[in-house]
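Engineer: sequence and computational prediction follow.
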Amino acid sequence: MAEEQVNFELVTPERLLVSRGVDMVVVPGEDGDFGVLPRHTPMISNIRPGVLGLYQDGELTESIFVAGGFAEVTAARCTVLAGQAMAVEDLDRGAAEQKLKDTREDLEDGRDDEARREAERQIAVCEEILRITAS
């Protein structure tokens, strides 16, 4: 008998990026990272910019950067809806540094609360990319 797995889906506005069974998913939740195993308690969580970890046979098999969104977990499934997602090895440190500089300028020029909130969100994404790519 095959071991139980979590059906994992990662969806961005553009497309379905991942849809497969995994042993465990580690999600960067807004209140901290959380692991999802088969028969997990149902929940919904906002996610912060960070790295999703996909595990198979006790080993990390894939690391995917997500720029925020939310996760829905059931006993059999974990679905992550992310605004942006890409493989960690595809992150571009130089582009993140430039975007951080530009976005900080935008924050200073923010004309309204919505523009400032969006700039703050982009700054958090860029800072997380820089943290990840520093190692």
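Structural biologist: Thanks, I have it.
Engineer: what's the spacing between the longest helix seen in the chain and its chain's center?
Structural biologist: Looking across the chain with DSSP state H, the single longest helix is helix 113-133. Remark: helix 113-133 is offset 13 Å from the chain centroid, using Cα atoms, centre = their mean, to the nearest Å.
Engineer: so what does that helix touch, helix or strand wise?
Structural biologist: Of the remaining helices and strands, those touching helix 113-133 by 3 or more Cβ pairs under 8 Å, 6 or more residues apart in numbering; DSSP states H and E are strand 43-56, strand 59-73, helix 93-109. Yep, even glycine has a C-beta here, placed from its N, CA and C like the rest.
Engineer: can you lay out these as a markdown table showing mean neighbour count and distance to Ala82?
Structural biologist: Converted to a markdown table, the helices and strands packed on helix 113-133 look like this (neighbours: other Cβ atoms under 10 Å; distance: least, Cβ to Cβ, whole Å):
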| stretch | mean neighbour count | distance to Ala82 |
| --- | --- | --- |
| strand 43-56 | 18 | 7 |
| strand 59-73 | 18 | 4 |
| helix 93-109 | 14 | 17 |
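Engineer: can I get the ones you listed in JSON lines including mean pLDDT?
Structural biologist: Shown next, in JSON lines, are the helices and strands packed on helix 113-133 (pLDDT from 0 to 100):
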{"stretch": "strand 43-56", "mean pLDDT": "97"}
{"stretch": "strand 59-73", "mean pLDDT": "96"}
{"stretch": "helix 93-109", "mean pLDDT": "88"}
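Engineer: looking at those, which is closest to Val27?
Structural biologist: Minimum separation from Val27 across the helices and strands packed on helix 113-133 (Cβ to Cβ) falls at strand 59-73, 5.1 Å.
Engineer: now the angle between helix 113-133 and that closest one, please.
Structural biologist: Computed with axes from the mean of the first three to the mean of the last three Cα atoms, to 10 degrees, the direction of strand 59-73 lies at 160 degrees from that of helix 113-133.
Engineer: report all helices and strands that strand 59-73 contacts.
Structural biologist: For strand 59-73, the packing partners by 3+ Cβ pairs under 8 Å, 6+ apart come out as strand 16-22, strand 24-29, strand 43-56, strand 77-82, strand 85-87, helix 113-133.
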